[in-house]
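A.B. asks: coords please:
(one chain, ligands or ions: 1)
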Amino acid sequence: MRLQGKTVLVTGAASGIGRGIALRLASEGANVVVAVHRLDERSEQVCKQIREAGAQAWPVQGDVAGVGEVERLFREATAAAGSIDALINNAGIEIRATFGEVTEEDYDRVLNVNLKGPFFLSQQFVQHCRQQGRGGKIVNISSVHEDLPFPNFTSYCVSKGGLRMLMRNLAIELAPLGITVNNIAPGAIQTPINKGLQQRPDQLRALLANIPLGRLGEPGDVAGLAAFLCSADADYITGATLVIDGGLLWNYAEQ
Ligand code: BGC
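C.D. replies: Next comes the predicted model:
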């Protein structure tokens, strides 16, 4: 198994894409730090499934929106797991609002979870790699909306655009340390983040009409790519955004 003996920290690992990634990593032999906003039945369940797959799982709780919490979370993660080989910044939120209606509170929340969290968690991870005297891998779960406009989700797009530049900058700055940094840009994946959309048939139909492969993605569609990026097969990939969207981003047709 290509991830045997590796340990990966995944944020937002109790549901959606993060859960899919955590389970896939375990199936490829990796031990997983299951970082969650809240310890609950869902995080317990994910840990149980990881252990059933024969890997180790350590749940850690924290809100990635604040630097103090991020530092504590990372400290607890290394205390439990020892060495961490890869970090997957997956936790993310979106809040729908027209531009005129965006509140400061919502803006801060979206930017803090989606951008500040990955920024400072990556900082912790880099310090850890230096202490261990080895390289590592950072994978951010971004979105097609790091490039593609999404009306009524401006703060979300700003956060993902920022995540793109965070990744590009770190890829260059951290390369001498042997740390690779890449983004995965999913399109419309069936997860709790777009549960509302799934309950609005007209909107869902319009979205599906924009997806050449004609369906929403599943967390499992994204998980294999995350496992690949954590593996030695991806050692020479850094500074890249890998899109996984059923063709959504570059779709164009006149009829
Ligand atoms: C968003 C979803 C949206 C999808 C495609 C994702 O980044 O979280 O709400 O459906 O992009 O537009």
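
A.B. asks: tell me how many other residues crowd R200.
C.D. replies: Neighbour count for R200, taken as other C-beta atoms under 10 Å: 12. The C-beta positions use only the backbone N, C-alpha and C, and glycine is treated the same way.

A.B. asks: mind checking how far it is from G66?
C.D. replies: For R200, the distance to G66 equals 33 Å [C-beta to C-beta, to the nearest Å].

A.B. asks: repeat for N169
C.D. replies: Distance, N169 to G66, using C-beta to C-beta: 22 Å.

A.B. asks: can you classify N182 by secondary structure?
C.D. replies: Under the three-state scheme (DSSP: H, G, I helix; E, B strand; the rest coil), N182 adopts strand.

A.B. asks: check contacts around it.
C.D. replies: 137-140, 167, 171, 229, 234, 237-242 (C-beta atoms under 8 Å, 6 or more residues apart in numbering).

A.B. asks: in what helix or strand does the residue nearest to A77 when sequence neighbours are not counted lie?
C.D. replies: Closest residue in space to A77, ignoring its immediate chain neighbours: V33 at 4.6 Å, by C-beta to C-beta, 6 or more residues apart in numbering. Secondary structure from DSSP states H and E places V33 in strand 31-36.

A.B. asks: which residues sit against that strand?
C.D. replies: By C-beta under 8 Å, 6+ apart, strand 31-36 touches 6-14, 22, 25-26, 42-43, 46-47, 50, 55-62, 64, 73, 77, 80-81, 84, 91.

A.B. asks: what lies in contact with the helix or strand following that strand?
C.D. replies: Of the helices and strands lying after strand 31-36 in sequence (DSSP H and E), the nearest is helix 41-52. Residues outside helix 41-52 that contact it (C-beta under 8 Å, 6+ apart): 13-15, 19, 22-23, 26, 31-32, 34, 36, 56-59.

A.B. asks: can you do 10 Å?
C.D. replies: The contact list for helix 41-52 (C-beta atoms under 10 Å, 6 or more residues apart in numbering) reads 10, 13-15, 18-20, 22-23, 25-27, 30-32, 34-37, 39, 55-61, 192.

A.B. asks: now the buried members of those.
C.D. replies: By neighbour count, with 16 or more other C-beta atoms under 10 Å, these hold 10, 13-15, 18-20, 22-23, 25-27, 30-32, 34-37, 55, 57-61 as buried.

A.B. asks: filter those residues down to the ones in helices?
C.D. replies: G18, R19, G20, A22, L23, L25, A26, S27 (DSSP state H).

A.B. asks: now the fifth one, nearest residue through space, not along the chain?
C.D. replies: This points to L23. Q49 (5.8 Å).

A.B. asks: on that earlier part again, got TSV for the ones in helices among the buried ones among the contacts of helix 41-52, with distance to the ligand too?
C.D. replies: Shown next, in TSV, are those (distance: C-beta to the nearest ligand atom, whole Å):
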residue	distance to the ligand
G18	13
R19	15
G20	15
A22	19
L23	20
L25	21
A26	25
S27	25
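
A.B. asks: quick one: contacts for the residue of the stretch 51-200 of the chain found nearest the ligand?
C.D. replies: Nearest residue of the stretch 51-200 of the chain to the ligand, counting by C-beta to the nearest ligand atom: S143, 3.3 Å away. Counting by C-beta under 10 Å, 6+ apart, S143 makes contact with 92, 94, 114, 150, 153, 156-157, 159-161, 163-164, 183-189, 193, 241, 243, 245, 249.

A.B. asks: how about the helices in the stretch 101-250 of the chain?
C.D. replies: In the stretch 101-250 of the chain, the helices defined using DSSP state H, counting those that start in this stretch lie at 104-111, 117-132, 154-174, 195-198, 201-209, 219-230.
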